[in-house]
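>>> A structural model of the following input is requested.
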Amino acid sequence: VDETGDGVIEPNELVKMIRLNKRLQEGAKQNALDLSCLPPDVRDACKAFDADGSGNVQVSELATAAKLYQASKEKGRRLMKLVSALSLILILLLLGIAGMTYAVIMLSKETEYSGDTMKVKGTDDVVRVGSADT
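Predicted structure coming up:
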């Protein structure tokens, strides 16, 4: 109320306070809050709740905003669960692909080791290699 901050309420400050109180009381009779009574930063935030653009936030508009906020929070929770489930599926698919790749590589080999000896897979034949020196 004391706009000058000098500790004294000037007549014009008292008039502003009385007008503000009157607007608040009129709004209370209509189950509404006059946005012009609020500080500018709060007023800007509350304009989102004023669905009809009247400059007043009706109780019904505030209730609708609260319901929409709750619905938004619930939707966010559902989306987070969906993202988590899809991430888990993606990880399982990647592990499956890695396992299948390893299996294909192992099954496509034509040789195998037996101790220190390399043998043709499925037989006891030792793998023979030629020399490039000949």
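
>>> quick one: G53 is in a strand?
No - the assignment for G53 by DSSP: H, G, I helix; E, B strand; the rest coil gives coil, which leaves it out of any strand.

>>> could you check how far it is from S36?
Distance of G53 to S36, given as C-beta to C-beta, to the nearest Å: 13 Å. C-beta here means a position set from N, CA and C on the backbone, and glycine is covered the same way.

>>> neighbour count winner among these two?
S36 (11 against 7; other C-beta atoms under 10 Å).

>>> isn't that one up against K47?
No - with contact defined as C-beta atoms under 8 Å, S36 does not reach K47; the gap is 11.0 Å.

>>> specify the local secondary structure of T123.
For T123, the assignment made with three-state DSSP gives coil.

>>> which stretch of helix or strand covers the most centrally placed residue in the chain?
Compute the mean C-alpha point of the chain, and by C-alpha atoms, centre = their mean the closest residue is G76, 6.5 Å away. For G76, the enclosing helix or strand under DSSP states H and E is helix 59-107.

>>> after that helix comes which helix or strand?
On the C-terminal side of helix 59-107, the closest following helix or strand by DSSP H and E is strand 111-114.

>>> ok, that next one: who's next to it in the sheet?
strand 117-120 (antiparallel) (DSSP bridges).

>>> residues near L35, how many?
If you count neighbours by other C-beta under 10 Å, L35 ends up with 19.

>>> contacting residues for it?
For L35, the residues meeting the contact criterion (C-beta atoms under 8 Å, 6 or more residues apart in numbering) are R43, C46, K47, D50, G55, N56, V57.

>>> buried ones among those residues?
Of the members of those, the ones counted as buried by neighbours, 16 or more other C-beta atoms under 10 Å, are C46, D50, N56, V57.

>>> return the subset of those lying in strands.
Secondary structure of these is defined by DSSP state E; positions in strands are N56, V57.
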